[in-house]
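**Student:** Generate a structure from the sequence data that follows.
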Amino acid sequence: MLAMNATDVRNDWSAVLDSVIREKPKFIKRTRDYMLLSGLDIIEIMLEAYKFTADEYIEDDGSVTLSLVEMDLVDNGKTKEEAIHNLAKDILEYAADYYQLFFDDWSVSTNRRAHLPFVFKALILNDIEKIGELIQCRPGEI
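**Tutor:** Got it, this is the predicted structure:
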């Protein structure tokens, strides 16, 4: 791998950061550990393929319930637009909790580690409206 030694990175930290932001990400090796240092714009490009999918259910009262396929989140609204907004808000809140409070456990948990790219996608977007635009609704099956 084309990895820089962590000592070299540390010794020239400012130049490395400038290079990462203006040129390209850097692979870094420290002992046996490898990491990637990147700007968020590159990570956002890497996550472009990740969309949010929700099963849509029309309730007896006419309200709309959306059940997110990628994560265990369910929201309801009087209209589809309201349900999407509510779900997008919950996605962002879940992503913040995942990252800030539970990352150590959830990122290795068999039932939650697959959420990670969606968590980073939501955190990088950091905008309820943008997240809402990525929610693709499909008819739910009962």
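
**Student:** alpha carbons only for contacts and neighbour counts from here, please
**Tutor:** Noted.

**Student:** Same question for the longest helix anywhere in the chain: list its buried residues.
**Tutor:** The single longest helix within the chain, with elements called by DSSP state H, is helix 80-101. Within helix 80-101, the residues that count as buried by 16 or more other Cα atoms under 10 Å are 80, 82-96, 98-99.

**Student:** so how far is the helix or strand where residue 53 lies from its chain's centroid?
**Tutor:** Under the criterion of DSSP states H and E, residue 53 resides in strand 52-58. A distance of 19 Å separates the centroid of the chain from that of strand 52-58, by Cα atoms, centre = their mean, to the nearest Å.

**Student:** quick one: average confidence on the helix or strand following it?
**Tutor:** Note on strand 52-58: by DSSP H and E, the next helix or strand toward the C-terminus is strand 64-68. The predicted model assigns strand 64-68 a mean pLDDT of 98.

**Student:** which helices and strands does strand 64-68 pack with?
**Tutor:** strand 52-58, strand 74-77, helix 80-101 (3 or more Cα pairs under 8 Å, 6 or more residues apart in numbering; DSSP states H and E).

**Student:** quick one: low-confidence ranges for this structure?
**Tutor:** Filtered on pLDDT under 70, the chain yields the residue ranges 1.

**Student:** after the longest helix of the chain comes which helix or strand?
**Tutor:** Taking DSSP H and E, what comes next after helix 80-101 is helix 103-106.

**Student:** Would you mark the buried spots in that following helix?
**Tutor:** 103, 106.

**Student:** Tell me which of the helices and strands packed on strand 64-68 sits nearest to residue 40.
**Tutor:** helix 80-101 (15.7 Å; Cα to Cα).

**Student:** Show me what that closest one is packed up against.
**Tutor:** strand 64-68, strand 74-77, helix 116-125, helix 128-133.

**Student:** Pick the most buried one from these.
**Tutor:** strand 64-68 (a mean of 22; mean count of other Cα atoms under 10 Å).

**Student:** I'd like to check the angle between that strand and strand 52-58, please.
**Tutor:** 150 degrees (axes from the mean of the first three to the mean of the last three Cα atoms, to 10 degrees).

**Student:** Noted, bye for now.
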